[in-house]
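Visitor: structure for this input, please:
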Amino acid sequence: MTEPQVQLDLSPDERGRYARHLTLPELGIEGQKRLKASSVLCVGAGGLGSPLLLYLAAAGIGRIAIVDDDCVEVSNLQRQVIHGEGTVGQPKAQSARRRMLDLNPHCQVEEHRCRITAANALDLIADHDLVVDGSDNFPTRYLISDACALLNKPWVYGSVQRFEGQVSVFNRGPASPDYRDLVPEPPPPDLVPSCADGGVMGVMPGLIGLIQATEVIKVLAEIGDPLDGRLLLVDGLSMRFRELRLQRRPARTSITGLVDYQAFCNAAETKRGEESTAVNSISVRELSALMAQGSEWVLIDVRNPAEADVAVIEGAQLVPLAKIENGEGVETVRSLADTRPIYVHCKMGGRSARAVELLAQHGIDATNVTGGINAWSQEVDASVPVY
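Guide: This is a model prediction of the structure:
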């Protein structure tokens with residue numbers, strides 16, 4: 001970090017508010033001034049963004065910008081603690097900003113109610129000292145990494161899945177590693193399930209987000225030993241912390257510009273809900289009409305059992321995609337269907353399309369339910385929970 005160009009003084013109220021910081025010899029008044037003179041861009045106001053934004057505001061970061069295009073849903077509240085029942089349906093950036101200003105009115109908080117993309121990333125990041133990642137997908141992480149490389153900006157990475165999480169600090173200096181050193185190639189879309197599909201323990205984003213906030217404060221105040229070149233691994237079930245060394249790859253190609261990161265990653269987001277030209281499809285409304293007619297049919301649910309515990313379409317038979325992929329579930333589907341037409345659904349249509357393709361390879365004709373159980377809840381039966 002470079003010395004802030006403007007050394008902002010602390011008001012009497014701020015000196016009282018940050019007294020516990022000011023009495024820390026490692027931080028003190030000069031460190032607090034650095035925080036006040038700093039600006040941070042936080043990508044995401046969800047599970048990771050909730051503790052991040054709260055503690056960065058509480059710490060006295062002078063300017064904090066939030067990038068998020070989503071709205072608050074009830075299912076978010078299990079882990080996204082910056083929001084509440086009263087903000088369900090509101091933009092997350094707006095909800096987060098109001099809570100942050102209530103916590104600390106001395107902060108300047110900016111809302112960007114949009115998704116960060118290759119078209120706007122450089123403009124969004126350029127005016128900030130540091131980026132902190134509260135996203136939940138590979139395309140966004142590669143985008144942040146490449147944009148920060150082009151702009152010479154440090155960024156604090158974090159991710160959470162089920163009971164585990166990771167944190168590191170990337171691009172802090174010329175010798176620092178970045179996300180491409182950690183994940184040189186994007187994994188296959190179906191290899192890593194989303195939090196919605198695989199689940200996440202509610203406190204894990206809080207734990208990882210707090211560690212990220214700690215790293216942000218250390219980098220901006222120029223104190224301590226940030227996780228530069230180190231990847232911190234957290235296992236919440238065993239409550240064990242491990243550390244791996246991370247180095248720049250010598251032959252790594254330099255970043256010269258931004259690309260289409262959805263295409264680069266072949267991300268699941270581009271497949272979910274997208275009607276495949278390779279499989280037959282039916283809408284949830286059409287499926288509902290067939291079911292109402294009392295015609296013969298079989299509906300196969302290829303989600304995970306834990307997802308079926310949250311929400312089901314009445315009459316569906318659970319055969320997880322993993323069992324169809326390894327062949328165990330193929331004969332189950334065949335016996336369930338007999339001669340009846342087969343319809344296949346998942347959460348949003350991606351996994352079910354894959355299942356239809358696999359079943360076709362075994363001579364079983366099936367039809368994908370576009371939009372999955374989420375579309376069913378939104379268009380057919382609102383009593384089915386959205387998760």
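
Visitor: please tell me how far the residue positioned nearest the centre of the chain sits from Arg79.
Guide: In the chain, the residue lying closest to the centroid (Cα atoms, centre = their mean) is Asp136, at 1.6 Å. Taking Cβ to Cβ, to the nearest Å as the measure, Asp136 and Arg79 are separated by 11 Å. Every residue, glycine included, has its C-beta placed from N, CA and C.

Visitor: need the residues touching each of these two.
Guide: Counting by Cβ atoms under 8 Å, 6 or more residues apart in numbering, the residues touching both Asp136 and Arg79 are Gly46, Gly47.

Visitor: are we agreed that the residue nearest to the centre of the chain is in a helix?
Guide: No: using DSSP: H, G, I helix; E, B strand; the rest coil, the assignment for Asp136 is coil, not a helix.

Visitor: that one is in contact with Gly49, isn't it?
Guide: No: distance between Asp136 and Gly49: 10.0 Å, which falls outside the contact criterion (Cβ atoms under 8 Å).

Visitor: please identify the helix or strand for Asn251.
Guide: In this structure residue 251 is Ala, not Asn. Ala251 belongs to no helix or strand when assigned by DSSP states H and E.

Visitor: for it, give its distance to Ala375.
Guide: The spacing between Ala251 and Ala375, counted by Cβ to Cβ, is 45 Å.

Visitor: what does Glu307 give?
Guide: Distance, Glu307 to Ala375, using Cβ to Cβ: 15 Å.

Visitor: circling back to that earlier point, between Ala251 and Ala375, which has more neighbouring residues?
Guide: Ala375 (20 against 5; other Cβ atoms under 10 Å).

Visitor: nearest spatial neighbour of the more buried one, chain-adjacent residues omitted?
Guide: Excluding the flanking residues, the one nearest Ala375 by Cβ to Cβ, 6 or more residues apart in numbering is Val284, at 4.6 Å.

Visitor: which pLDDT value goes with that neighbour?
Guide: Looking at Val284, its pLDDT reads 93.

Visitor: neighbours around it, how many?
Guide: Using other Cβ under 10 Å, Val284 has 23 other residues around it.

Visitor: isn't it up against Asp381?
Guide: No: Val284 is beyond contact range of Asp381, at 9.2 Å (criterion: Cβ under 8 Å).

Visitor: tell me where the stretch 201-350 of the chain has helices.
Guide: Using DSSP state H, counting those that start in this stretch, the helices of the stretch 201-350 of the chain run over residues 203-221, 261-265, 284-292, 305-310, 321-325, 330-337, 350-361.

Visitor: make JSON lines out of those helices and add distance to Leu8.
Guide: Formatted as JSON lines, the helices of the stretch 201-350 of the chain follow (distance: least, Cβ to Cβ, whole Å):
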{"stretch": "helix 203-221", "distance to Leu8": "13"}
{"stretch": "helix 261-265", "distance to Leu8": "36"}
{"stretch": "helix 284-292", "distance to Leu8": "55"}
{"stretch": "helix 305-310", "distance to Leu8": "48"}
{"stretch": "helix 321-325", "distance to Leu8": "54"}
{"stretch": "helix 330-337", "distance to Leu8": "65"}
{"stretch": "helix 350-361", "distance to Leu8": "49"}
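
Visitor: would you agree Leu77 is in contact with Gly86?
Guide: No: if you go by Cβ under 8 Å, Leu77 and Gly86 don't touch, sitting 10.8 Å apart.

Visitor: what's in contact with stretch 366-379?
Guide: 273, 275-276, 279-285, 287-288, 299-301, 303, 311-313, 333, 341-349, 352-353, 355-356, 359-360, 384-386.

Visitor: wait, Gly44 sits on Asp69?
Guide: No: using Cβ under 8 Å as the test, Gly44 is too far from Asp69 to be in contact (10.0 Å).

Visitor: who has more neighbours out of these two?
Guide: Shown here are Gly44 and Asp69; by other Cβ under 10 Å, Gly44 has more neighbours (30 against 15).

Visitor: next one: that one from Asp70, what distance?
Guide: Relative to Asp70, Gly44 is positioned 9 Å away (Cβ to Cβ).
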